[in-house]
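Novice: Here is my input; please provide its structure:
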Amino acid sequence: MDTSVAVAPVAAPSSEAKSESAAFTLTARAVDQVKTVIAKEKLDGHFLTVRVVPAGCSGLGYDLNLIKETKQGDLIWDQDGVQICTDAMSLTYLKGTVVDYLTSDTQSGFKFENPNAKSSCGCGSSFSA
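Specialist: Coordinates of the predicted model:
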C-alpha cells in the first residue's frame with residue numbers, strides 16, 4: 001500500500017477534535033494492514049483518515065491516508081489500536097460502512113462496503129449517494 005494514497009506519524013489530536021464511536025468499521029484484515037503499514041513506514045502515532053471526496057465518473061470517492069495531525073472538528077475513535085478520524089461531511093456518506101482489505105493474485109487494496117452508495121462506477125473507484 002502506498003502511504004501517500006492509503007494511510008500517513010501522530011501528534012496529539014487538535015483540541016477541537018471530538019471523540020466518536022465507530023462511524024464505520026474496519027475488518028480484522030484491514031486493521032492488520034493499517035498496522036503493518038504504520039510499522040513498516042515507522043508512522044507510530046499517525047491517524048488513519050478516511051474521507052469522501054469528489055472523484056470518478058460516479059461523483060464521489062474515498063480518500064484513505066495516514067496523517068500526523070487531525071483537522072479541527074474531526075471525529076476521532078479507536079478500533080483495535082488504530083486511531084481513526086473523519087470529518088462530519090464524510091461521516092454522512094460513511095455511516096455503517098465496512099472497510100476490508102483484500103488480496104488476490106493480481107491486486108490488493110481496501111474495499112468499501114457502503115450501505116449509503118446508491119450506485120458505483122464499473123471500475124468500482126467511485127460511487128454516488
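Novice: Please identify the helix or strand for the residue positioned nearest the centre of the chain.
Specialist: Nearest residue to the geometric centre of the chain (CA atoms, centre = their mean): residue 50, 2.9 Å. Under the criterion of DSSP states H and E, residue 50 resides in strand 47-55.
Novice: repeat for residue 90
Specialist: Using DSSP H and E, residue 90 sits within helix 88-94.
Novice: Next, the buried residues of the longest helix anywhere in the chain.
Specialist: Counting residues, the longest helix found in the chain (DSSP state H) is helix 28-40. For helix 28-40, the buried set under the neighbour-count rule, 16 or more other CB atoms under 10 Å, comprises 30, 31, 33, 34, 37, 38. Quick note: C-beta positions are derived from backbone N, CA and C, even for glycine.
Novice: For residue 115, see how far away the third one is.
Specialist: To tie it back to what came earlier, the one meant is residue 33. In this view, residue 33 and residue 115 are 22 Å apart by CB to CB, to the nearest Å.
Novice: Surely residue 70 is in a helix?
Specialist: No - counting by DSSP: H, G, I helix; E, B strand; the rest coil, residue 70 falls outside a helix, being coil.
Novice: pLDDT wise, what is it at?
Specialist: Looking at residue 70, its pLDDT is 96.
Novice: ok, now residue 57?
Specialist: 68.
Novice: quick one on the thing from earlier: just the angle between the strand holding residue 50 and helix 28-40, please?
Specialist: Angular relation of strand 47-55 and helix 28-40 on a 0 to 180 degree scale: 110 degrees, by axes from the mean of the first three to the mean of the last three CA atoms, to 10 degrees.
Novice: All set now, cheers.
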